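J.: What follows is a predicted protein model with its sequence.
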Protein chains: 2
Amino acid sequence: MRPRAEKEAQLRQRACVFWFFGLSGAGKSTLAIQLERQLAEQGFVAHLLDGDNVRTGLNRGLGFSDADRTENIRRVAEVAKLFVDAGLVVLCSFITPLRAHRQLAQEIIGTADFVPIFVDASFETCAGRDPKGLYAKAKAGQIASFSGQGSPFEPPAADEAVFRVATEQVSPAQASAALWSFALPRVRAGSVA
Amino acid sequence: MRPRAEKEAQLRQRACVFWFFGLSGAGKSTLAIQLERQLAEQGFVAHLLDGDNVRTGLNRGLGFSDADRTENIRRVAEVAKLFVDAGLVVLCSFITPLRAHRQLAQEIIGTADFVPIFVDASFETCAGRDPKGLYAKAKAGQIASFSGQGSPFEPPAADEAVFRVATEQVSPAQASAALWSFALPRVRAGSVA
């Protein structure tokens, strides 16, 4: 296999994994989809992995037990690593509720390539947005293990270095602009961010 | 997520999966590595998936039982599909011993994107080459389930449409040239192969 450095040179970019984590409804996928589009417009080659294209395929059969959540994250991280080896910028959008999950992803992908982005909004705000109707279902007791209710969500620890986007404190445009300023130097070839 | 067609347009290529199958030692990886290099030299964006980067990561923990072989193929096919969605040309190099395995990969990836390549050499020839020393180990009884000895390898059925490269009948250069002539029209943007 051709070395990653050759692939990155061909694509004129630095590969890495932007790993968006946070509660359902916090805005992970919205931000990730927007970043993917912005990257493409600037000529970067990026790809988004999220529940929509992973839960129905590679991770079909995995549920939401602790063990299955961990295996879900493990496989996504391994796939993200394969994309990084191919020279691509990867955007992963998963709740990743536990610190242990983020640590696992970081170990597999490698600290140098793992860029965690905490999409931060309170449970109440997310429940109010409820874009997928999941909070209503959880409240009605129809989801056994829902992150933030019945299943824990651990915010980043003090020593967990993450880029934080607080989607209830800034406008969508501000959130997106802040993310872009953070992300661009990370993927630009020859930059040292 | 941006649609695949946009990604293919950005990369100026058509995505697909060249799936190399055949006995250990038949020449799958040699051909795949060469094709990956040739594609890159022509500006195509390709990535190789093989046992080396999958068995140690995503498929760690899977062995060589029938069920595990099938799960191995299933996961690789799902990952290959994700790469195709990203617009890439994928080269998969796996023994894929059973017709059912090839059918599974085809079903997951989709007939239009699955391009099977049978790297054909006899058991005796492969045992003579034995690049990884596996045939010697199998002969010594150190490998329980070895494709071609103890574990079946089913050559393509009459109705299994595959591109065949017979590596004991042509020189490596001829094999590679034939493969290139076959592969190039398949990935060139705007071509109808």
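T.: That came through, no problem. Just so we're clear, the structure is a prediction, and the values are computed from it rather than from any experiment.
J.: Show me what the helix or strand bottoming out on mean pLDDT in chain A is in contact with.
T.: For chain A, using mean pLDDT, DSSP states H and E, the weakest element among its helices and strands is strand A:150-151, scoring a mean of 83. Strand A:150-151 is touched from outside by A:64, A:97, A:138, A:143-145, with contacts defined as CB atoms under 8 Å, 6 or more residues apart in numbering or on different chains. Any C-beta I mention is one placed from the backbone N, CA and C, and that applies to glycine too.
J.: What's the first helix or strand after it?
T.: Following strand A:150-151 in sequence order, the next helix or strand is strand A:163-166 (DSSP states H and E).
J.: about what we covered before: name the strands paired with the least confident helix or strand of chain A and say parallel or antiparallel.
T.: Applying DSSP bridges to the sheet, strand A:150-151 is found paired with strand A:146-147 (parallel).
J.: and the strand it pairs with, average pLDDT?
T.: Confidence over strand A:146-147 (mean pLDDT, whole number) is 86.
J.: For residue A:37, which non-adjacent residue is closest in space?
T.: residue B:2 (6.3 Å; CB to CB, 6 or more residues apart in numbering or on different chains).
J.: quick revisit: could you point out which of the contacts of strand A:150-151 is nearest to residue A:84?
T.: Closest to residue A:84 out of the contacts of strand A:150-151 is residue A:97 (23.4 Å), distances taken as CB to CB.
J.: residues contacting the closest one?
T.: For residue A:97, the contacting residues are A:21, A:69, A:147, A:151-154, by CB under 8 Å, 6+ apart.
J.: Assumed residue A:48 was part of a strand.
T.: Yes: under DSSP: H, G, I helix; E, B strand; the rest coil, residue A:48 sits within a strand.
J.: For residue A:118, give me phi and psi.
T.: According to degrees, to the nearest 10, the main-chain angles of residue A:118 amount to phi -90, psi 110.
J.: ok, now which ones touch it?
T.: Residue A:118 makes contacts with A:21-22, A:155-156, A:162-165, as judged by CB under 8 Å, 6+ apart.
J.: want to throw those residues into a markdown table with pLDDT and distance to chain B?
T.: Below are the contacts of residue A:118 laid out as a markdown table (pLDDT from 0 to 100; distance: CB to the nearest CB, whole Å):
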| residue | pLDDT | distance to chain B |
| --- | --- | --- |
| A:21 | 97 | 18 |
| A:22 | 96 | 19 |
| A:155 | 94 | 27 |
| A:156 | 95 | 26 |
| A:162 | 92 | 23 |
| A:163 | 95 | 21 |
| A:164 | 95 | 24 |
| A:165 | 95 | 19 |
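J.: what ranges do the helices span in chain A?
T.: Assigned helices in chain A, in chain order: A:4-11, A:28-41, A:51-54, A:66-85, A:99-109, A:123-129, A:134-139, A:172-187 (criterion: DSSP state H).
J.: which one of those helices lies closest to residue B:42?
T.: For the helices of chain A, distance to residue B:42 was read as CB to CB. The smallest value, 11.0 Å, belongs to helix A:4-11.
J.: other SSEs contacting that closest one?
T.: Other helices and strands packing on helix A:4-11, by 3 or more CB pairs under 8 Å, 6 or more residues apart in numbering or on different chains; DSSP states H and E, are helix A:66-85, helix B:28-41.
J.: Mean pLDDT for these - can I get that in TSV?
T.: Below are the helices and strands packed on helix A:4-11 laid out as TSV (pLDDT from 0 to 100):
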stretch	mean pLDDT
helix A:66-85	95
helix B:28-41	96
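J.: Can you say which of the ones you listed is nearest to residue B:174?
T.: helix B:28-41 (11.5 Å).
J.: Quickly note the distance from the residue lying farthest from the centre of chain A to residue A:148.
T.: Distance from the C-alpha centroid of chain A, by CA atoms, centre = their mean, peaks at residue A:140 (27.8 Å). In this structure, residue A:140 and residue A:148 are separated by 15 Å, where distance is defined by CB to CB, to the nearest Å.
J.: what's the answer for residue A:111, then?
T.: 28 Å.
J.: Between the two, which is the more surrounded one?
T.: Counted by other CB atoms under 10 Å in any protein chain shown, residue A:111 and residue A:148 do not tie: residue A:148 has more neighbours, with 21 against 9.
J.: Isn't the more buried one up against residue A:123?
T.: Yes: judged on CB atoms under 8 Å, residue A:148 makes contact with residue A:123 at a distance of 4.7 Å.
J.: Touching both of these two, which residues are there?
T.: In terms of CB under 8 Å, 6+ apart, residue A:148 and residue A:123 are both contacted by the residues residue A:23.
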